[in-house]
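Here is a sequence with its predicted model. Questions after.
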Amino acid sequence: MSTQLGRSLIELCVLAVLKRGDSYGYQIIKDLGDYIEISESTLYPILRRLEQNESLEVYTVEHNSRLRKYYKITDAGRAKIEEFKIEWKEILKIYNFIVSEGE
Amino acid sequence: MNKNQFFEELRKKCNGIPKSELEKSFEFYEETIADRIEDGMTEDEAVAALGDIDEVAESILQNASLTALVKNKFEKSKHSINKSLWITLIIIGFPLWFSILLAGFSIVFSLYIAVWSIIISLYAIVFAFGLSGIASVIAGFIFMFVKTVPVGICSIGAGSLLVGLCGIMFILSKKITQSLIKFTKICMLSVKSLFIKSGGAN
């Protein structure tokens, strides 16, 4: 998968996880691990970018006498997910067409 | 590698990055290391789970350039604000500078028309001379028969004089018109060159 496509897809995966509920770094990696192999070094810039384009918010919670950063999806983030779903419905149609033509 | 070694190496690899960016990313990795330790891993295992240290450094560098890009965009937009401010000023000031410009043009234009009116009246005189001259000549011939010959000759004489004057006036007016046209052309060229010069300077 090309890096550009791959990166935006992972971004959407992160947003989808956050849609289910607010989460923190390690938990996101665990949740996504069932679907995609992701490491901190991949996740960190993605979280920062999503924060910069306001698709998510960050807040801190105290946990075991240390501070933990929680990420929460915003309305803009939700909108991105919906956009993706619509776009890819179209792509799926085209895929089906190409596959059927091939036979 | 333990935590401290890891972060020391990382600091070395991420040399040029602003401290705030670095500290932020360190917070993130510290957090996941602590979470992994809570899950039961040892510190070394948790650090290893972060992946290749060069990849980690790469992701921090990548993110730092993104932040710099965002800052850059903000600065550029400041510049474009300046330009758009100018454009807004020009648009708002439109009634003022436009009316002044229009007044100026109107004055110049009226002067120009005044000069041309003089020329036109000259031609009118030429025409009048010519017409009356011809009329007198024709009348003179008629007078020769209707009145007396001397009266007729006088009329013809006067008429010819008028026609002659008409001819001279005509040549004069033509010359004046030509020089006025030349003068206009020179004026237009100098005005044009003003714009071309300033355009080149820009």
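Ah, there it is.

what's the helix or strand for residue A:71?
strand A:66-73 (DSSP states H and E).

if I pick whatever residue of chain B ends up closest to chain A, what's in contact with it?
Among the residues of chain B, residue B:35 lies nearest to chain A; the distance is 3.6 Å by C-beta to the nearest C-beta. Heads up, the C-betas are built off the backbone N, CA and C, glycines and all. Contact partners of residue B:35, counting by C-beta atoms under 8 Å, 6 or more residues apart in numbering or on different chains, are A:24-27.

Break down the chain into its helices, ranges please.
In the absence of a named chain, chain A is used. Taking DSSP state H to define them, one finds helices in chain A at A:3-20, A:25-33, A:40-52, A:75-102.

not what I meant, chain B
Using DSSP H, helices in chain B cover B:3-13, B:19-39, B:43-49, B:53-92, B:94-146, B:149-201.

okay if I get those helices as a markdown table plus mean pLDDT?
Putting those into a markdown table (pLDDT from 0 to 100) gives the following:
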| stretch | mean pLDDT |
| --- | --- |
| helix B:3-13 | 90 |
| helix B:19-39 | 90 |
| helix B:43-49 | 90 |
| helix B:53-92 | 77 |
| helix B:94-146 | 87 |
| helix B:149-201 | 82 |
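
closest to residue A:73 out of those?
helix B:19-39 (18.2 Å; C-beta to C-beta).

Now find how far off-centre the closest one is within its chain.
Taking C-alpha atoms, centre = their mean, to the nearest Å, one finds the center of helix B:19-39 at 56 Å from the center of the full chain.

how much does it deviate in direction from helix B:3-13?
Put simply, helix B:19-39 runs at 150 degrees to helix B:3-13, going by axes from the mean of the first three to the mean of the last three C-alpha atoms, to 10 degrees.

can you list the weak-confidence ranges in chain A?
Residues of chain A that meet the criterion pLDDT under 70 lie in A:1-4, A:103.

which bits of it sit near chain B?
A:24-27, A:29, A:39-42, A:44-45, A:47-49, A:52, A:64, A:66, A:68-69 (C-beta under 8 Å from any C-beta of the partner chain).

quick revisit: figure out which of the helices of chain B is closest to residue A:76.
Nearest of the helices of chain B (C-beta to C-beta): helix B:53-92, 15.9 Å.

which among the contacts of residue B:35 gets closest to chain B?
Nearest member of the contacts of residue B:35 to chain B, counting by C-beta to the nearest C-beta, is residue A:26, at 3.6 Å.

Over to the most far-flung residue of chain B relative to its centre: give its phi and psi.
Seen from the C-alpha centroid of chain B, the residue lying at the greatest distance (C-alpha atoms, centre = their mean) is residue B:148, 75.5 Å away. The phi/psi pair for residue B:148 (degrees, to the nearest 10) reads phi -110, psi 160.

any idea of the pLDDT on it?
We have a pLDDT of 79 for residue B:148.

got the contact list for it?
Residue B:148 neighbours (C-beta under 8 Å, 6+ apart): none.

Please apply the same query to the one 5 residues further on.
Contacts here follow C-beta under 8 Å, 6+ apart; on that basis residue B:153 touches B:140, B:144.

before we move on, what about residue B:176?
For residue B:176, the contacting residues are B:119, B:122, by C-beta under 8 Å, 6+ apart.

From residue B:164, how far out is it?
19 Å (C-beta to C-beta, to the nearest Å).

ok, the residue most central in space within chain A to residue A:53 distance?
In chain A, the residue lying closest to the centroid (C-alpha atoms, centre = their mean) is residue A:14, at 2.3 Å. According to C-beta to C-beta, residue A:14 and residue A:53 sit 13 Å apart.

shared neighbours of those two, anything?
By C-beta under 8 Å, 6+ apart, no residue touches both residue A:14 and residue A:53.

Would you mind naming what in chain B lies close to chain A?
Near chain A, when you scan chain B using C-beta under 8 Å from any C-beta, you find B:25, B:27-29, B:31-32, B:34-36, B:38-39, B:50-52, B:55-56, B:58-60, B:62-63, B:66-67, B:70.

Give the buried subset of those residues as a ChimeraX selection command.
To isolate the buried ones among the residues of chain B next to chain A in ChimeraX, judged by 16 or more other C-beta atoms under 10 Å in any protein chain shown, type:
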select /B:25,28,29,31,32,34,35,36,50,56,59,60,63,67
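
is it true that the residue nearest to the centre of chain A touches residue A:27?
No: counting by C-beta atoms under 8 Å, residue A:14 stays clear of residue A:27, with 11.4 Å between them.

who touches both of these two?
Joint contacts of residue A:14 and residue A:27 (C-beta under 8 Å, 6+ apart) do not exist.

In contact with residue B:157, which residues are there?
residue B:140.

Next, count neighbours for residue B:14.
When neighbours are defined as other C-beta atoms under 10 Å in any protein chain shown, residue B:14 has 19 of them.
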